[in-house]
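J.: turn this into a structure:
(4 chains)
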Protein chains: 2
Amino acid sequence: MSNASSTADDILACARSLIIAGGYNGFSYADIADVVGIRKPSIHHHFASKVDLVRTLVARYREEAQAGLAALERNVADPAEQLKSYIAYWEACIKDATAPFCVCALLASELPILPEEVALEVRAHFRSVSSWLASVMERGRRQGRLHLSGTARTEAEGFLATVHGAMLSARAYGDPKIFGTITRPLLDRLSTRH
Amino acid sequence: MSNASSTADDILACARSLIIAGGYNGFSYADIADVVGIRKPSIHHHFASKVDLVRTLVARYREEAQAGLAALERNVADPAEQLKSYIAYWEACIKDATAPFCVCALLASELPILPEEVALEVRAHFRSVSSWLASVMERGRRQGRLHLSGTARTEAEGFLATVHGAMLSARAYGDPKIFGTITRPLLDRLSTRH
DNA sequence: GCCTAGCTACCTTCCAGTAGGTAGGTGGTC
DNA sequence: GACCACCTACCTACTGGAAGGTAGCTAGGC
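T.: Okay, the predicted model is just below:
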């Protein structure tokens, strides 16, 4: 194992950024081949089909996301600070434009035409992020660190939706700052010291 | 004029629902031809190119949206009720599944790979809806009918983002009810009688 | 006689995917 | 250590089909 065959990783990384730009039908094997510096059919050596490639890509994205949230749980004690860090992460992604959109949020918008195997992964991502958010909300309320208007679940869904919408607005306006403009009041409203 | 040539309208309507399902690259002329009951090249008689078709489609969508908002201004006096009606409109769209997503919100997610002519229309839609929302927020505050935490502009952007995110969540969970679950607290928070 | 709204037939380009080959490396066995 | 079997990671050449689009025809209406 170790840092073995980086080509497969390069293909995944390239496909990820192409999906972030234009979704499942927004890129081709030829696009990847050009960037990675490999011939088109060689991609099939690493991933049997496009569905296989994207399913793997989303599965890995989900692993990274889970790992990121787990790290947040370990390193940040306060629920309010956890939400702030989550927002700050995306704010940084959008600002430096490396990955200015959640892969699963983008794919979710195309769900009706997505291959079922990919769709399953995308739906699972929404469930796991929203249930993490709900657990943060619940803990924040118990500890008196977050002020919830409704149930933890409702607050979590509203939070996630606003973050996704803020990504979309940042893209639509071509202005990274709008993400912060939208999410800051969201955090303010939840934090107890208002 | 009058109810002339419905074929062009049929093509636009069909393309619209296909775009709502999977975005700009999620449909082809062949798909439209199948549904409309026409041969593929006949579409070119009505729309010179795919870009032309989609640009026309989005322009018409924008006109309808503007007309809808104007009707809301005419028929509903109270700003809080205007927001409620706006939400109710989308809730109905999502529930009966005829057009469960905003055309421009979906296209906005693919902005980086959209033809420039289409991208311009999409960006314009965001600006006009958000400026309408801002004017409703401002009026609501002046009339003491809406309780804003920040500026009218900020509230409008947050409102729009949450609505878009709620559409996405409804799609991701395959559950129309989640749209209401997310947007109801949004309205409650803004309405003065909380 | 011209316009409208279709049609068939065709073009080029691109798409994901396949077939079959090669160069270089690894491990096993006599 | 020579030979062999097998593997990985690519390659070239190609296929069938779908993409958007073009050329040129025809039937019917004002």
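J.: output the below-cut-off pLDDT ranges for chain A.
T.: A:1-5, A:193-194 (pLDDT under 70).
J.: helix or strand: which one has residue A:149?
T.: In this assignment (DSSP states H and E), residue A:149 forms part of neither any helix nor any strand.
J.: contact partners for it?
T.: Applying C-beta atoms under 8 Å, 6 or more residues apart in numbering or on different chains to residue A:149 gives the contacts A:155, B:185, B:188, B:189. Glycine gets a C-beta too; all of them are placed from N, C-alpha and C.
J.: hmm, try it at 7 Å
T.: Going by C-beta atoms under 7 Å, 6 or more residues apart in numbering or on different chains, residue A:149 touches A:155, B:185, B:189.
J.: now residue A:176
T.: Applying C-beta under 7 Å, 6+ apart, the residues near residue A:176 are A:94, A:95, A:170.
J.: out of the residues you listed, who has the most neighbours?
T.: Of all the contacts of residue A:176, residue A:170 has the most neighbours under the rule other C-beta atoms under 10 Å in any protein chain shown, reaching 24 neighbours.
J.: what are the buried residues along the helix or strand harbouring it?
T.: Element membership for residue A:170 (DSSP H and E) is helix A:152-173. Judged by neighbour count (16 or more other C-beta atoms under 10 Å in any protein chain shown), helix A:152-173 contains these buried residues: A:152-173.
J.: quick check: closest non-adjacent residue to residue A:79.
T.: Closest residue to residue A:79 apart from its sequence neighbours, by C-beta to C-beta, 6 or more residues apart in numbering or on different chains: residue A:140 at 3.4 Å.
J.: neighbours around that neighbour, how many?
T.: By other C-beta under 10 Å, 24 other residues sit near residue A:140.
J.: ok so, going back, tell me the one of the contacts of residue A:149 nearest residue B:82?
T.: Nearest to residue B:82, judged by C-beta to C-beta, of the contacts of residue A:149 is residue B:189 at 15.9 Å.
J.: before we move on, what SS does that closest one have?
T.: State at residue B:189, reduced to three classes by DSSP: H, G, I helix; E, B strand; the rest coil: helix.
J.: so residue A:191 sits right up against residue A:78, yeah?
T.: No: Residue A:191 lies out of contact with residue A:78 (C-beta atoms under 7 Å); the separation is 9.9 Å.
J.: how close does residue A:118 sit to residue B:17?
T.: Distance of residue A:118 to residue B:17, computed by C-beta to C-beta, to the nearest Å: 22 Å.
J.: neighbour count for those two, which is higher?
T.: The neighbour comparison of residue A:118 against residue B:17 (other C-beta under 10 Å) goes to residue A:118, with 24 against 15.
J.: might one say that that one is in contact with residue A:52?
T.: No: at 9.8 Å, residue A:118 does not count as touching residue A:52 under the criterion of C-beta under 7 Å.
J.: who touches the most centrally placed residue in chain A in this structure?
T.: The centroid of chain A falls nearest to residue A:102 when counting by C-alpha atoms, centre = their mean (3.4 Å). By C-beta under 7 Å, 6+ apart, the residues touching residue A:102 are A:164, A:167.
J.: repeat the analysis, applying 10 Å as the threshold.
T.: A:20, A:61, A:65, A:90, A:93, A:108, A:125-126, A:129, A:160, A:163-164, A:167, B:168 (C-beta atoms under 10 Å, 6 or more residues apart in numbering or on different chains).
J.: nearest to DNA strand C, out of those residues: which one, please.
T.: Distance to DNA strand C across those (C-beta to the nearest atom of the strand) is lowest for residue A:20, with 15.9 Å.
J.: what is the burial count for that closest one?
T.: Residue A:20 has 22 nearby residues by other C-beta under 10 Å.
J.: repeat that for residue A:31.
T.: 16.
J.: ditto for residue A:53
T.: The burial count for residue A:53: 21, using other C-beta under 10 Å.
J.: and it, what element?
T.: helix A:50-75.
J.: and the next helix or strand after that helix, what's buried?
T.: Downstream of helix A:50-75, the first helix or strand assigned by DSSP H and E is helix A:79-96. Using 16+ other C-beta under 10 Å as the test for burial, helix A:79-96 gives A:79-87, A:90-91, A:93-94.
J.: just send these back as JSON lines, with distance to DNA strand C too.
T.: Converted to JSON lines, the buried residues of helix A:79-96 look like this (distance: C-beta to the nearest atom of the strand, whole Å):
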{"residue": "A:79", "distance to DNA strand C": "42"}
{"residue": "A:80", "distance to DNA strand C": "44"}
{"residue": "A:81", "distance to DNA strand C": "42"}
{"residue": "A:82", "distance to DNA strand C": "38"}
{"residue": "A:83", "distance to DNA strand C": "38"}
{"residue": "A:84", "distance to DNA strand C": "39"}
{"residue": "A:85", "distance to DNA strand C": "36"}
{"residue": "A:86", "distance to DNA strand C": "33"}
{"residue": "A:87", "distance to DNA strand C": "34"}
{"residue": "A:90", "distance to DNA strand C": "28"}
{"residue": "A:91", "distance to DNA strand C": "32"}
{"residue": "A:93", "distance to DNA strand C": "25"}
{"residue": "A:94", "distance to DNA strand C": "27"}
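J.: cool, thanks, talk later.
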